[in-house]
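Novice: no FASTA, just this:
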C-alpha cells in the first residue's frame, strides 16, 4: 500500500503522550479502517472482473440492462462459491 | 492545539478516501477507454464522449451492485477474497 501517513514531529510526539484509552481507541480505529480498505479493494477487483464478464454488448445506455444487473450479482456469488471451493480443497489437502 | 488522536484519524480517513477515488478513476478509464475508444483519432469524438458517459455510469452502478452483494457475503461470515470475516461496521 502506498498509504504513508506523514505526521508532523509535533503530532508524533503528542501521540506518545496519549492516554492508554486514546491509544487503544486509535488502534481500534486503524484496524477497522484497514479492514474497510481491504473490503473496498476487493470490491474494486470484483467489479473489474465482473464488468469485463457481464458488460459485453455495445454500450448504449447509462444503466446496467436487464441481463447485466443479475449477471453482476451472480458473478459475485459464484466467485464466493469458487473461493469457498478452493479453501475446502486446501483444507482437505492439509488433513491428508 | 489540535487533538493528535483526531488528527491521525482525519488523516487516515482522508488518505483512504483518496486512494479509493484514485483507484476508481484508474479502473473507469481503463475499462471505458478500452470499450469506447477502439481506434483513437485526433480528438475524442462526440460519440466517444457519449459512450464514456454511459460507460462510467454503468461501471459505477456495477460497483455499487458488487459492493452490496459482496458485503452481504462478508456479513454472513463467508469471508473470502483475502478479507477476514468479522465485525464490520459498514462502509
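Specialist: Arrived safely. It should be emphasised that the depicted structure is a prediction, and the values quoted were computed from it without experimental measurement.

Novice: Can you pull up the most central residue in the chain?
Specialist: The chain I'm using is chain A. residue A:39 (2.0 Å; CA atoms, centre = their mean).

Novice: sorry, should have said chain B
Specialist: Among the residues of chain B, the one closest to the centroid is residue B:24, at 3.8 Å (CA atoms, centre = their mean).

Novice: For that residue, give its distance to residue B:34.
Specialist: Distance, residue B:24 to residue B:34, by CB to CB, to the nearest Å: 16 Å. Where C-beta positions appear, they are placed from N, C-alpha and C, glycine not excepted.

Novice: max-length helix in chain B?
Specialist: Longest helix in chain B by number of residues (criterion: DSSP state H): helix B:4-36.

Novice: and it, does that touch chain A?
Specialist: Yes. Against chain A, helix B:4-36 shows contacts by CB under 8 Å from any CB of the partner chain at B:4-5, B:7-9, B:11-13, B:15-16, B:19-20, B:23-24, B:27, B:31, B:35-36.

Novice: Buried ones in that helix, by neighbour count?
Specialist: Going by neighbour count (16 or more other CB atoms under 10 Å in any protein chain shown), the buried part of helix B:4-36 is B:4-5, B:7-9, B:12, B:15-16, B:19-20, B:23-24, B:27-28, B:31-32, B:35-36.

Novice: and that helix, how far out from the chain's middle?
Specialist: Here helix B:4-36 is found 7 Å from its chain centre; the criterion is CA atoms, centre = their mean, to the nearest Å.

Novice: what packs against that helix?
Specialist: helix A:9-16, helix A:20-54, helix B:46-75 (3 or more CB pairs under 8 Å, 6 or more residues apart in numbering or on different chains; DSSP states H and E).

Novice: hang on, the earlier thing: the residue nearest to the centre of chain A is in contact with residue B:73, isn't it?
Specialist: No. Using CB atoms under 8 Å, residue A:39 is not in contact with residue B:73, being 10.4 Å away.

Novice: got the angle between the helix or strand bottoming out on mean pLDDT in chain A and helix A:20-54?
Specialist: Ranking every helix and strand in chain A by mean pLDDT, DSSP states H and E puts helix A:9-16 at the bottom, with a mean of 77. On the basis of axes from the mean of the first three to the mean of the last three CA atoms, to 10 degrees, helix A:9-16 is oriented at 110 degrees to helix A:20-54.
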